[in-house]
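**Student:** give me a model of this one.
(one chain, ligands or ions: 1)
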Amino acid sequence: MAPENDQPFNTTKDVLESSGAIHAPTRVRAKRNRKQTTVGFHALPAYLKDNEFIRGYYRRVLPVNESFKSLFGLHNETGNIYTHLLGFFMFLALTIYIARLPPTPLAFGHQQVDALWHSVCGNLDRIQEGLQEGVHNLQHGVQHLQEGLQEGVHNLQHGVQHLQEGLQEGVHNLQHGVQHLQEGISERVHSLQEGISERVHTLHEGFSETVHHLHEGLSGRVHTFQDSVLHMSVPGAAAAYEALANQLRWPTVRWPTFVFMAGAMICLFLSSLCHLLGCCQVHITKYVWRVDYAGICILIVCSFYPPVYYLFLCHPGYLTFYLTSTTILGCMAVAVTLLDRFQERSWRFFRAFMFVALGLYGLVPIIHQWFINNSVPQVQKALLVDLIMGATYISGAVIYAYRVPERWFPGKFDLWFHSHQIFHIAVVAGALIHYKACLLLLEWRDASGGCAVPVTDGPVSRVLQQMQDLGHDLHSIEEVWSKLQLYIQEHFASGATSAAAASSHM
Ligand SMILES: [Zn+2]
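**Tutor:** Numbering: from 1, shown residues only. Below is the predicted model of the structure:
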């Protein structure tokens, strides 16, 4: 039965005093009045009246410092405060646990190392083939150029010879004509002829030399280029390492998991604080419940970070898009919750829309990734776990909205197990279930070396299971690297011989 008047104190002494079992002297009574007391629903100011099915054990309106002391009293918010305060410490402990948790070893068999190598190798082979083809074309081009030049020189030589012959003939004719007239001039003409011949010869020689130099220079360049292709094994190996390192990322980064843990801690801590201060004057409580809602928004947004990050790890474009858009939407929801102007009635639909949009938008990346990762058992398991999380949150919200069970037995659940407490427990449970789903995804990415093992090439978990069944230790990252190093040596040794063979055809 809910009390109609001021509730007794919570301590045994208070209870005895108020029941008249012991007589309280005036001094004690005065002290008692200063101390925290609980009141019935009817005694609350209008702004604190919220759930008429909880009849008693309300704290009176208290100043902030007194309301902090109510942490140690017993009233109808005690359960609400402690459920989330304990949840906060639980998540703090789990965060420390994750920070110290060693990464899951690679679930790599030889098959997986082979698959990884071949996926990188396909690209390297293509690069090398392209380069060799380029060199081949260049060699052809140079050969054509050489031939063209030689032909040009040949034609030039011919031309010069014709010119010489023509000149000689002209001079000869001139000589004959002039011989009859002035024999004395013939000597001069002869020297003129000789001069012209000499010049033509010099021109011819100089030109041949230039062409020869040009030819030698070009040949030298082609040779150098050929050599650089031959020695491509060194930068090639480096390129192979780089390509492998890009694909084989181990361990998987954990910051998205920590973002979620931080979000859960912020939400739970703010919630306990808000419930602690929920009995203050109106100018404080007005903000207290907004902060409480903002905490829930933060939890929702932070919850998306680990699944979106791990599920889209190999699709960075989608990854950035979803994380950015969810964060922007989350910030808008927090702003709508906190800012004064959005508290007006006219914004009511917008406020409701923001929360619904935030919740529904979260389904988009989850449905999208299903087309990418649906064959991975760990992803299936994690999604199943998150379905349970969703069910937990929704049940909590429905219980909260319908104020069950106190609606059926008003005044019977004032202290314990009223709807808000159940909702609080559902929030902590939902967050814990989501934590489990996040760990499953993190383990999967760790075991598959980031994006090293393609999903379609045989899910990691099967290998993991087989190897464990056979009593094998899982591959350590060092083992995988040493095996890949062997591959690189083999590949580039054979690559260098084939390049040498190709160049010898020149
Ligand atoms: Zn609450």
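**Student:** burial check on the spatially closest residue to L44 that is not a sequence neighbour, number of neighbours?
**Tutor:** Nearest non-adjacent residue to L44, counting by CB to CB, 6 or more residues apart in numbering: Y58, 5.7 Å away. C-beta here means a position set from N, CA and C on the backbone, and glycine is covered the same way. Neighbour count of Y58, defined by other CB atoms under 10 Å: 28.
**Student:** who is Y58 paired with across the strands?
**Tutor:** V39 (DSSP bridges).
**Student:** mind checking how far it is from T83?
**Tutor:** Going from Y58 to T83 by CB to CB, to the nearest Å gives 18 Å.
**Student:** so what's E406 up against?
**Tutor:** By CB atoms under 8 Å, 6 or more residues apart in numbering, the contact list for E406 reads N51, F53, I54, K412, F413, D414, H418, S419.
**Student:** and the first one, which of the three is it?
**Tutor:** In this case it means N51. coil (DSSP: H, G, I helix; E, B strand; the rest coil).
**Student:** is it in contact with A401, as I believe?
**Tutor:** No - counting by CB atoms under 8 Å, N51 stays clear of A401, with 11.4 Å between them.
**Student:** of those two, which one has the most company?
**Tutor:** More crowded of N51 and A401, by other CB under 10 Å: N51, with 17 against 10.
**Student:** so what's that one closest to, chain neighbours aside?
**Tutor:** In space, and not counting its chain neighbours, N51 is closest to R403: 5.9 Å by CB to CB, 6+ apart.
**Student:** quick one, what contacts the one you found?
**Tutor:** Shown in contact with R403 (CB under 8 Å, 6+ apart): N51, F53, H418, S419.
**Student:** for the second one, give its distance to I372.
**Tutor:** What it means is F53. Taking CB to CB, one finds F53 at 47 Å from I372.
**Student:** compare those two (neighbour count), which wins?
**Tutor:** Using other CB under 10 Å as the criterion, F53 and I372 rank with F53 on top: 20 against 15.
**Student:** so who does the more buried one touch?
**Tutor:** Contacts of F53 by CB under 8 Å, 6+ apart are R403, E406, R407, P410, G411, F413, H418.
**Student:** and for A382, the neighbour number?
**Tutor:** Neighbours of A382 under the rule other CB under 10 Å: 26.
**Student:** residues of the helix or strand hosting it that come out buried?
**Tutor:** A382 is part of helix 377-402 when elements are defined by DSSP states H and E. Buried residues in helix 377-402, counted by 16 or more other CB atoms under 10 Å: 378-383, 385-386, 389-390, 392-393, 396, 399-400.
**Student:** farthest-separated two in those residues?
**Tutor:** Q378 and Y400 (32.6 Å; CB to CB).
**Student:** how far away is the closest residue to V385 other than its chain neighbours from A99?
**Tutor:** Using CB to CB, 6+ apart and skipping the chain neighbours, the partner closest in space to V385 is A437 (4.1 Å). From A437 across to A99, the span is 19 Å (CB to CB).
**Student:** look at those two and report which has more neighbours.
**Tutor:** Per other CB under 10 Å, whichever of A437 and A99 has more neighbours is A437, with 24 against 11.
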